[in-house]
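A.B. asks: got a predicted model here, sequence first, then my questions.
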Amino acid sequence: MRPGLKGKARALVRQEDLASSFGNPGVEVLSSMTLMTLLEKASLACVEVFLHPDQMCVGSRMEMDHLAPTPEGFTVTASAELVETKGSKLVFNVSAQDGRDQVAHGVHVRFLVDRAKFLDSVAAKKAAQGGEN
């Protein structure tokens, strides 16, 4: 994987994506949480074809400026570009637009991890708690 890889993800803004659906009454626009998820999907789209079956790519950090509101019914397109690799660390510049405005820009950091080790650590953590939530 080298800098310059690009990816996109698109989504139609639905009722369940609105800030009002996440406990912010009366705010009938795309939630920042949903927008971040779309930016993550665009970042994964950059690198998913390069992942080995024994690898996973997990998010570590998202720094996002949510610049403009997007109402239900608009389609948001998120774009990502891999700008830096350092060992297992991947850094992406991310942005999103809704056909009228740029709605976000930021930086997203992900790491390549060994699938088996990662899943084993999750299972061990769950077992240590006795499977309780």
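C.D. replies: Structure received. Numbering: from 1, shown residues only.

A.B. asks: alpha carbons only for contacts and neighbour counts from here, please
C.D. replies: Will do.

A.B. asks: residues in contact with the residue positioned nearest the centre of the chain?
C.D. replies: The residue lying closest to the centre of the chain (CA atoms, centre = their mean) is Glu40, at 1.6 Å. For Glu40, the contact set (CA atoms under 8 Å, 6 or more residues apart in numbering) comprises Gly59, His108.

A.B. asks: tell me the secondary structure at Ser20.
C.D. replies: Look at Ser20: counting by DSSP: H, G, I helix; E, B strand; the rest coil, its state is helix.

A.B. asks: doesn't Met33 make contact with it?
C.D. replies: No. If you go by CA atoms under 8 Å, Ser20 and Met33 don't touch, sitting 11.8 Å apart.

A.B. asks: between those two, which is the more surrounded one?
C.D. replies: Neighbours per residue, other CA atoms under 10 Å: of Ser20 and Met33, the larger number sits with Ser20, 16 against 12.

A.B. asks: what about Glu63, which helix or strand?
C.D. replies: Using DSSP states H and E, Glu63 sits within strand 55-66.

A.B. asks: pLDDT of the longest helix seen in the chain, averaged?
C.D. replies: Ranked by residue count and defined by DSSP state H, the top helix of the chain is helix 32-47. For helix 32-47, the mean per-residue pLDDT is 96.

A.B. asks: in that helix, what counts as buried?
C.D. replies: 32, 34-36, 38-47 (16 or more other CA atoms under 10 Å).

A.B. asks: can you list the residues you listed in CSV and add distance to Phe92?
C.D. replies: Shown next, in CSV, are the buried residues of helix 32-47 (distance: CA to CA, whole Å):
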residue, distance to Phe92
Ser32, 18
Thr34, 18
Leu35, 15
Met36, 13
Leu38, 13
Leu39, 10
Glu40, 10
Lys41, 12
Ala42, 10
Ser43, 7
Leu44, 10
Ala45, 11
Cys46, 9
Val47, 11
